[in-house]
Every structure is written in C-alpha cells, then in structure tokens.
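Peer 1: I would like the atomic coordinates for the input below:
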Amino acid sequence: MKKVKNLGAAFLLVALTFSHNGLKGQEKDSTAVKTDTAKVKTDDPKKKPVIKPYKEIITDKAVSDQGVFTVHKIEDKYYFEISDRMLKKEFLLVTRLTKAAAGMRSGSTGYAGDQIGQQVVAFEKGPKDKILLRAISFVDYAKDSTSDMYNSVIRNNVQPIIKAFDVKTYGDNKKSSVIDVTDLLNSDNETVSFSVTNKDAFKVGAFQKDMSFVNFVKSFPNNIEINTTKTFARTLGKPLPGATPANTPKISGNYTVEINASFVLLPENKMQARYFDPRVGYFTVGYTDFDLDPQGVKKISLVKRWRLEPKPQDLEKYKKGELVEPAKPIVFYIDPATPKKWIPYLIQGVNDWQKAFEKAGFKNAIYAKVPDSKTDTEWSLEDARFSAIVYKPSDVPNASGPSISDPRTGEILESHINWYHNVMLLLRNWYFVQASPNDERARKMKFDDQLMGELIRFVSSHEVGHTLGLRHNFGSSSTVPVEKLRDKKWLEKNGHTPSIMDYARFNYVAQPEDHIGDSGIMPRIGDYDDWAIEWGYKRFYQYNTPDSEKEYLNKWVIKNLKNERLWFGTESNPLDPRSQSEQVGDNAMIAGTYGIKNLKRILDNLEKWTETPNEDYDNLGIMYDQVIGQFRRYAGHVSKYIGGQMETPKTAEQSGPVYEVVAKKDQQEAMRFLEENIFTTPQWLIKKEIFEKTGKTPVKTIEDIQNGVLSRILSPMVLQNMSQMEAIDQNTYTLVDLFSDLNNSIIKKASSDVYGRSLQRNYVDNMIKLIDAKNPDRSDVSAIVRGNLITIKKDLLAKADTNTVNKYHYEELAFRIEKALDPK
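Peer 2: Sure thing, here's the model as predicted:
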C-alpha cells in the first residue's frame, strides 16, 4: 500500500460521492490518502488500448486551449491532455444550470445559475494505459500514517471510479496523457449533469442523446469550464414502490437545459482551518477523527470562511495591527440581467461589510461590481471562479446565499447569491405590517423606489453574511431591552438588533409617538456581526495549526462574551425563547403587546392604505392576511416560554449553567398574555367591512391562531420537558400549574359563543391526543392529563347555561372525554 506525504500529514479519502442540494446539508471534511491503483480492475486485459503517435491523435485540425489541462477540439471530438503533475490533484466539480428548461422549476429552484451537483474528483493513472477518474470524499481522518488505525481505515474506504479512459497517446517524453472525453461530455452522468437528488426533484427522466450536444470547453489556469445542452424526457414523478403499468410515471414531453460544469483545482497550499465554536455562529464542514481520541473517535467541525491573507509585503504591518488590503479580496459581480435601478442598492449591501472586516485587520476586503467587458474579459456567470448575485425572473418571494467550499478546510471558494424578482413582494408585505404605523412611506401598495432600494440593501447584506459563513443568529435581538426599542437616541446609535443575521426584520415595538426614524426601524450590520467576522477572519500567525490556536481563541471568546450583545442564539433550539425568528426585544410579552397596538392601528386604516384605483379588493385581503400572520407570530413567540429551557454553550473555563429552566414568573407572565390576547377572543380582528369586501371569515382565522398556541404548549416535547424540569427545580412552573391556568382561561372564562366553543373543542381535542392508546405515555404526563380531563368533564357538566347550543356543546365535550378515558 502506498503512503503519500501531504504537508507532513497523510489524509484519508473515503468512497462516498458528494452531491449537493442548495443550502441543505453540509460538506464533509477530512484529509486524504490515495489508493493503490495497481489493484484496480479495469477492462478485459486482452483488449489493451492501442497507443498511437501524438500527431495521429492531435492532428493539424486541432483547436487547442491551454490551461490546467490542455483541451483539444478536433471536429466534434474533445480531448484532455493531462500532464503527470496534475494527476491525483483534487478538483471541486460544480454543475450549474446556465439556461433552465421551461416548466422544470420546483419551488425556488430550477432557474439559470442554480447549482445541480457537486463532488470532488481526481484523475490518476491506472494499469494497462488507463486514466481513472475517481470521486473523492472527505469523511474520515487519521493523521499517523504508521498506525494500525490508519491502515484499517484505508482498507475500508476505497474511492469509487467514475470513469476509466483509454490513453489515446502520450505527450512529450510521456509526461502527459491524452484521453478522449467526448463520450463523458455527451452522456448523462453526475460529472457534467444533474445529481441523482436533483433529477428526482425536477422530475428529469431518460436522457435524449440525439438532442444533446457540447457547446464549448474552455481551459483556464485553475479550472475547466464545460458547457453542454442536454435534453431529457420529462416524467411526472418517481416510480412508486412495487410500480405497475398503472402507477408508473408517464412521459410528458422533454426538458432541454444548458448545463455548465466547472472543474476547479483545489488549493495545494491549504488554508489553515479553524475549529467551530458553538458560541459564534458559522456554517461548517466536518469529518470523523480517528486519531484525536485514542479511546474513541471525535466529530470535528471546521468553519466555512474565505481565505483572507495580507499581501506578502504587508505581513509585518498586519502583525503589528495595521489595516492592510488582502492579497485576494472577496468580489461579487452583479448579474447584468438585474434591473439597473436596484444595482446600487445590491452593491451597497455587499460593501456595507467592509467596516466589519476592518475589525479583522483588512480594509477593502469585500466589494461588489458590475462586470466590465473591457477589464473582466474572462468573467462568466457560470464560471465557478467568480462569485455573483444572480437575478432570477421568479415569482418566488425569497433570496438565498449559498456558497461552495473546500471540504478539506472550509475555505469558501465562491458563491452565487440567488436574488428572486418577487422578493420585493415579500419586502413590501414585511415592511407594511411591521413599520407602516411609524413610516408613512409604507402606507400604500407600491413603495417608492428609494424605500424599496433601502429594503433591497438590507436583504443583500443579510444574504452576503451567509456567503461569508455566518448562520442566522435568532438570539441576537433578545439581548435588547424592549423599552430601548422606543428610545430614538439609543436606536440611532445601536440599532434595534445587534445582528443583521437575525430574523428581527423591523422594529415593530416602536410607537408613532416615539418618532423613530429609519435607523431605528431597519436592521443593519451590528455589534455581533462585527465580532463574528473578527473571530472568523482575524489571523494569528503565532499559531500555525487549528489545535495550537484553540486555547487562545477560547480565552478571546470568553473575554468578549462579557458583552451580552455579542451572544449567538442558534436557529435550531426548539425550547429556548431567546432564539426566535421574527422576534425583537428581551421580553416577548411586552414586545407583543406593543406590536398588537400597532396592528390595531393598521387594521383601522387597512382599507385606506390598500386602496388602489381601478382595482378590486385583493390587496385588502392580502394585507389582512399579513396582519393575521404577524399576530400569529406574537402568539408563537410567547408560547415558547411555556416549558422553555435556555441553552448557553460554555467551555469548562466559564462559570454558570449551560441549561436553565425559564423562570416561573416568566412562564406565568406568558400565560397571562395568552389568556388576555389569545384565549380571550381578539375582537379587534373581527371587521365586518373587511369580510364584506374580501370574504375573509374571522372564525376560522381565530380558531387557527388559538389552536396553533394549544398545539405548541400541549405538545409532548413541551410537557415532557416540564415534567423533567419539575424533578430538577421544585420552584418551577409545573404541569399542574399549566392545566389549572388553561382550565381557568378556556373552560371557565371562555366566551359562550362560536369562538369560545371552538376554543374549548380544540383544547379538549389536544388533551385527548395526549392519551392516545396507540402511543401510550408511561410518564407522569399521562396521569396528569387523564386527571385533568376528568376535572374538565366535571366542570363542563356542572355548567348551567340556558343556551341550547352551549348545552349540547358541553354534553358533547363530556362525551368525547368519557370515550377517550374508557374507549370500551
């Protein structure tokens, strides 16, 4: 078995082909060891390829393009001439749609510029004059090439061969090999086409070879760009298990797409990686380390970030703390298809990050530009060397910021930000429902270009933040006292959230009498963002490995987190009320109360503000739904306090708990909010004049909001957590407290009308689900729920009501409870 040295450490390659699907999933990382190609089976050894003289293969008709490989085109055939020095080099292979097929789109994907595949590959020599193309994966790692573990992992992780090519001829002194790649480029495979996952998503069927062809192949110093037109049969979906002729998907016409495949040479001089720290929110790549822990294995995560380094002549200046320009700045090109009036705002959204990078010691580290045909002669939207903001003519109201990174180190190599045309509808709706009481410009259905431009700038900055490696920080806004959100002077200095990576959107707490301007309503790059960029991008040249800088970084984080505005709250914790989407302020109950006041103001003016000459009342209905949606968010924010548990990641050097139960007083405050604003019928939502013009019926709307709250606070996850927390903290808010409060609000105090009856039915139904005989609960939760249902039944039967409908309603609920408690 061969042993390969790689910068002093050998790395393992694992037989697992990468595929990529948008922002979902993360690349896996390791370092690699090459396999012994002498043991690879190839074609029948009797059919040894005939090696011809170079000039017989690469004739005078060849059109040659030199670069990382030399590409030769002879009539309709394509050849790669691969020098020996490029063998076993690792290439990141990215496939994108250059032109998308009509009718192929699936949700927000399927547009020109979308990524449809990703893997790492390498060419190497095989036996019998073969060149092998292998898929490379980075999952498992063993540093010590002399250890038994190292050899064991190699034996269990052989790289798959994607394609075996006959060598047609050799170059000068046999220092290069020429292979015919025509069949590879003209076929349907993950190298130059869709990944299997994306084929399923887009319902792409059988490849139509006679309607597919190569457009061009270009070679550059560090990459090869392959552009093909491919046609596929269009299917109606994946075959069902046990498919028969009756349920097999039918062919329904064709898809024709243009696909660009980029072979990008991964850096030989790897960027120094940085270990992930859960106290600072970065996307990651990862691998399993078999050496780090001699008694087991350890999952290692590395942060995704661009390689920013001082120019060699500025290195000493950088070490002294002087601001320097990076050797290679981060550049985003603006898609020429972008409407010209929005380009300045998109550019500014990118350039706004320059100040944050100054914290890391770099000036002019990032900027955006429109490609110049005179100076950017090699620029192409599909070329994986260039990052871009891609404008998509889509009705999807969204934007996204994915990135491509080196799976070995986390180095971000490029990004294509997706900017969907209809994101402006989303921005209008957000701003109208959250800011119109404070900003007169938002009190209409078509915003002025300046206001829309400001909103575009904010979203541009947010998406660029993702491409820099930053995850959402849903906890950032929870560090701001609610009352500060009404303090104009404080807001102008600090903004309403410390992070643009928060989903805090706009300041819905501010009241009209506070006279808050743009700087206190709209998000901007804040204290957390500056800190996160500094943590991720500042270079510490005294440490030359991720392990050696780990202690220093830990102390640095502990010191900085004394400033609570630098706190990171993950978007994935279902129990922590500090980490919530669309929330502002440190107390959801107070913030929600202010927010409802503003929603009432909007509702009182909704007809006037949505009125559009010569049009119907569609906008009135749309914005009424937006008001409902915003109210629903406030209810959801408060509901998360019930059974809540806060998580604050810490290392052993930090004092205080990592996990804390939400205080009893806060859970009680949340229950009071729910009783006053949710369980008590929100009459302010019931607008007869809106119903008369839109047909929007409030009964189902209010029922859905109430049931959403009940489903959350009566979910098994929440109830089980409350039961367990009671065992730890005797002074916590208990299940008995919860059911007592709910019974008082819903059974005893609910209105005796259609809204009250609906609320009571949903409450009882949610309780009955918790004692489902098919999924028996063996904890205290089941016993308490059963006991509470008995109490509810007694209370219902004891109700004296002369209203016939109410009488029947109570009897029916009692019957449901009795049947649930005793199904026989």
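
Peer 1: Quick check: nearest residue in space to residue 226, chain neighbours excluded?
Peer 2: residue 261 (4.3 Å; CB to CB, 6 or more residues apart in numbering). Where C-beta positions appear, they are placed from N, C-alpha and C, glycine not excepted.

Peer 1: give me every residue that touches that neighbour.
Peer 2: By CB atoms under 8 Å, 6 or more residues apart in numbering, the contact list for residue 261 reads 93-95, 191-193, 225-228.

Peer 1: Now for those residues: which two are most distant?
Peer 2: 193 and 225 (15.0 Å; CB to CB).

Peer 1: name the element residue 784 belongs to?
Peer 2: helix 780-797 (DSSP states H and E).

Peer 1: Can you show me the CA trace of that helix as CSV?
Peer 2: What follows is helix 780-797 as a C-alpha-only set of coordinates in CSV (Å, rounded to 0.1, in the frame of the first residue of the first chain):
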residue,chain,number,x,y,z
ASP,A,780,-46.4,11.4,34.9
VAL,A,781,-47.6,13.4,31.9
SER,A,782,-50.2,10.8,31.0
ALA,A,783,-51.5,10.5,34.6
ILE,A,784,-51.8,14.3,34.9
VAL,A,785,-53.5,14.7,31.5
ARG,A,786,-56.1,11.9,32.5
GLY,A,787,-56.7,13.6,35.8
ASN,A,788,-57.2,16.9,34.2
LEU,A,789,-59.6,15.5,31.6
ILE,A,790,-61.7,14.2,34.5
THR,A,791,-61.7,17.7,36.1
ILE,A,792,-62.7,19.3,32.8
LYS,A,793,-65.6,16.8,32.4
LYS,A,794,-66.9,17.6,35.8
ASP,A,795,-66.6,21.4,35.2
LEU,A,796,-68.5,21.1,31.8
LEU,A,797,-71.4,19.0,33.2
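
Peer 1: can you state the direction angle for whatever helix or strand comes next after it and helix 780-797?
Peer 2: Following helix 780-797 in sequence order, the next helix or strand is helix 804-821 (DSSP H and E). Counting by axes from the mean of the first three to the mean of the last three CA atoms, to 10 degrees, helix 804-821 lies at 150 degrees to helix 780-797.

Peer 1: Would you mind measuring from the nearest residue to residue 310 once chain neighbours are set aside to residue 538?
Peer 2: Closest residue to residue 310 apart from its sequence neighbours, by CB to CB, 6+ apart: residue 318 at 4.1 Å. Shown here: residue 318 relative to residue 538, a distance of 10 Å by CB to CB, to the nearest Å.

Peer 1: what's the burial count for residue 434?
Peer 2: 28 (other CB atoms under 10 Å).

Peer 1: what's whatever helix or strand it lives in packed up against?
Peer 2: In this assignment (DSSP H and E), residue 434 forms part of helix 423-435. On a contact count with 3 or more CB pairs under 8 Å, 6 or more residues apart in numbering; DSSP states H and E, helix 423-435 meets helix 449-467, helix 588-604, helix 618-639.

Peer 1: right, and the helix or strand after the shortest one?
Peer 2: Secondary structure here is assigned by DSSP H and E; on that basis, the next helix or strand after helix 588-604 toward the C-terminus is helix 606-610.

Peer 1: swap in the last one?
Peer 2: Downstream of helix 618-639, the first helix or strand assigned by DSSP H and E is strand 645-647.

Peer 1: Paired strands for the following helix or strand past that following strand, with orientation please.
Peer 2: As assigned by DSSP H and E, the chain's next helix or strand after strand 645-647 is strand 659-661. Using DSSP bridges, strand 659-661 pairs in its sheet with strand 645-647 (antiparallel).

Peer 1: Just the mean pLDDT for the partner strand, thanks.
Peer 2: Mean pLDDT, strand 645-647: 96.

Peer 1: Run the chain-centre distance for that strand.
Peer 2: 23 Å (CA atoms, centre = their mean, to the nearest Å).

Peer 1: Stretch 85-105 too?
Peer 2: The answer for stretch 85-105 is 21 Å, by CA atoms, centre = their mean.

Peer 1: Now residue 161: phi and psi?
Peer 2: phi -90, psi 120 (degrees, to the nearest 10).

Peer 1: Name the residues linked to it by a beta bridge.
Peer 2: Beta-bridge partners, per DSSP bridges, of residue 161: residue 134.

Peer 1: domain ranges for this protein?
Peer 2: 50-137+160-265, 312-569, 630-821 (automatic domain parsing).

Peer 1: Number of residues surrounding residue 683?
Peer 2: 11.

Peer 1: coming back round to it: rebuild the domains of the chain as JSON lines, extending it with distance to residue 276.
Peer 2: Listed next are the domains of the chain as JSON lines, based on distance: least, CB to CB, whole Å:
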{"stretch": "domain 50-137+160-265", "distance to residue 276": "20"}
{"stretch": "domain 312-569", "distance to residue 276": "9"}
{"stretch": "domain 630-821", "distance to residue 276": "11"}
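
Peer 1: which one of the ones you listed has the most crowded surroundings?
Peer 2: domain 312-569 (a mean of 19; mean count of other CB atoms under 10 Å).

Peer 1: Just the mean pLDDT for it, thanks.
Peer 2: Mean predicted confidence for domain 312-569 is 94.

Peer 1: chain center to it: distance?
Peer 2: Taking mean C-alpha positions (CA atoms, centre = their mean), domain 312-569 and its chain are 15 Å apart.

Peer 1: okay, how far is it across it, tip to tip?
Peer 2: 38 Å (CA to CA, to the nearest Å).

Peer 1: Over to stretch 302-312?
Peer 2: 26 Å.

Peer 1: what's it in contact with?
Peer 2: Here stretch 302-312 has contacts from 29, 267, 271, 273-276, 282-286, 317-318, 324-330, 357, 360-362, 365, 403, 405, 409-412, 468-469, 536-537, 539, 546, using CB under 8 Å, 6+ apart.

Peer 1: pull the longest strand from this structure.
Peer 2: Counting by DSSP state E, the longest strand found in the chain is strand 251-265.

Peer 1: Which strands border that one, and is each parallel or antiparallel?
Peer 2: In the sheet, strand 251-265 lines up with strand 91-99 (antiparallel), strand 223-235 (antiparallel) (DSSP bridges).

Peer 1: who's in contact with the first one?
Peer 2: Meaning strand 91-99. Contacts of strand 91-99 (CB under 8 Å, 6+ apart): 20, 110-122, 190-195, 227, 257-266, 381-382, 384, 404, 406, 413, 416.

Peer 1: Now do the helices in the stretch 201-350 of the chain.
Peer 2: Along the stretch 201-350 of the chain, counting by DSSP state H, counting those that start in this stretch, helices occupy 315-319, 343-351.

Peer 1: thinking again about what came up before, between residue 318 and residue 538, what contacts are shared?
Peer 2: In contact with both residue 318 and residue 538: residue 361, using CB under 8 Å, 6+ apart.

Peer 1: so residue 169 makes contact with residue 57?
Peer 2: Yes: at 4.3 Å, residue 169 counts as touching residue 57 under the criterion of CB atoms under 8 Å.

Peer 1: Need the overlap of contacts for the two.
Peer 2: residue 178.

Peer 1: which residues does residue 659 contact?
Peer 2: 645-647.

Peer 1: JSON lines please, covering the residues you listed and showing distance to residue 89.
Peer 2: Shown next, in JSON lines, are those (distance: CB to CB, whole Å):
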{"residue": "645", "distance to residue 89": "49"}
{"residue": "646", "distance to residue 89": "48"}
{"residue": "647", "distance to residue 89": "43"}
